[in-house]
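Undergrad: how does the following fold in three dimensions:
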Amino acid sequence: MKKRIAFIINPISGIFHKDKIPSLIRNYLDSELFDYEVVFTQYAGHATEIAKSFAEKGYDCVVAVGGDGTVNEIACALRHTDTALGIIPTGSGNGLARHLHVSLSTIRAIKQLNKSKVSAIDYCLINETPFFCTSGIGFDAHISMEFCKVKQRGFFSYLRKIIIGFFSYKPRKYQIVSEEKNVEMEAFMVTVANASQWGNAAYVAPKASLKDGLFNVVVLKEVRFFPALWLAFKLYTKKIGNDKYITTWQTGDLTIKATHDMPSHLDGEPFDEGKEVRVRVVPAGLKVFCAKEFQ
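TA: Numbers count the residues shown, from 1 in each chain. All right, here's what the predicted structure looks like:
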């Protein structure tokens, strides 16, 4: 019996036009395995609405064709349903897709669907709002807000914002509380990583697993320019870990407090929850449809 699969395409994610993707799906998706439908989003939040309707109709899989923001919208609708999330990554960072070993080539990503199977992964809640890859407070949240303002997307636009922001952003004081630690410190940023990377192959938590019922906390203290270059090298070689600049640990429940508002990001999208946030993990709360093994 054929599986029913739906493709939700965000036409404005990333830097490439998406008008040819329906024909690629028609050419490379195995028609003996799947009956499919393609829908384009029209506004922010539309992907969640569409995905919810497909889940209610009992579709086997809904594929997010877009970046991390699109993946987040669709995954929010598929939590705790029998409909699995698939991904064809067309965004700027593609953090969750990379962790799941989904090809960045649209054609190869479609072909992978023909060999995919269903697995369950954890997701996280920050003040009850879901995220699936990473969330951050501090510098990475600042960069997320700045990046949303640019018209030209892609890695080099993101890198430019990072370089400019590095010299202007100042560390802030936070109280970070979990069962494992209770610390008050100045930090350049605090990242909560359910998956291993922000995207663009920058591994902020290289040992993070989507299946262990935990997330990784990565706290970057104040760092100057030349040590930052060394840290950037470690990010892209999967060597980030505890040292004089970074504190990292695993937990399933975390509270962060400050005397100031804490702008943050969820899967790369700006988010603001005031002066206190609680992050907790939801084990095995989302089904994903992927072809390769992952941790």
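
Undergrad: helix, strand or coil for the closest residue to Leu210 other than its chain neighbours?
TA: Once flanking residues are discounted, Leu210 sits nearest to Ile121: 4.0 Å by C-beta to C-beta, 6 or more residues apart in numbering. All C-beta atoms are positioned from the backbone trio N, CA, C, and that covers glycine. Of the three states, Ile121 takes strand under DSSP: H, G, I helix; E, B strand; the rest coil.

Undergrad: surely Ile121 meets Val288?
TA: Yes: here Ile121 reaches Val288: they are 5.5 Å apart, a contact under C-beta atoms under 8 Å.

Undergrad: if we can go back for a sec, is the residue nearest to Leu210 in a bridge, and if so with what?
TA: Leu286 (DSSP bridges).

Undergrad: and it, how many neighbours?
TA: By the measure other C-beta atoms under 10 Å, the count of residues near Ile121 is 24.

Undergrad: for the residue nearest to the spatial centre of the chain, what are phi and psi?
TA: The residue lying closest to the centre of the chain (C-alpha atoms, centre = their mean) is Cys133, at 3.2 Å. Per-residue torsions, Cys133: phi -110, psi -80 (degrees, to the nearest 10).

Undergrad: roughly how far does it sit from Ala195?
TA: Distance of Cys133 to Ala195, computed by C-beta to C-beta, to the nearest Å: 5 Å.

Undergrad: joint contacts of these two?
TA: Counting by C-beta atoms under 8 Å, 6 or more residues apart in numbering, the contacts common to Cys133 and Ala195 are Gly95, Leu96, His99.

Undergrad: of these, which belong to helices?
TA: Within the shared contacts of Cys133 and Ala195, residues falling in helices by DSSP state H are Gly95, Leu96, His99.

Undergrad: pretty sure the last one is touching Asp122, no?
TA: No: applying C-beta under 8 Å as the test, His99 and Asp122 come out as separate, 11.8 Å apart.

Undergrad: ok, the two, which is more surrounded?
TA: More crowded of His99 and Asp122, by other C-beta under 10 Å: His99, with 25 against 21.

Undergrad: count the residues that sit near the residue lying closest to Asp60 once chain neighbours are set aside.
TA: Of all residues not flanking Asp60 in the chain, Lys3 sits nearest, at 4.1 Å (C-beta to C-beta, 6+ apart). Residues lying near Lys3 (other C-beta under 10 Å) number 16.

Undergrad: which residues does Lys3 bridge with?
TA: Lys3 has these beta-bridge partners by DSSP bridges: Phe34.

Undergrad: what about Glu276, distance to Pro270?
TA: Computed as C-beta to C-beta, the Glu276 to Pro270 distance reads 18 Å.

Undergrad: and the two? which has more neighbours close in?
TA: Neighbour totals were compared for Glu276 and Pro270, and Pro270 leads with 16 against 12 (other C-beta under 10 Å).
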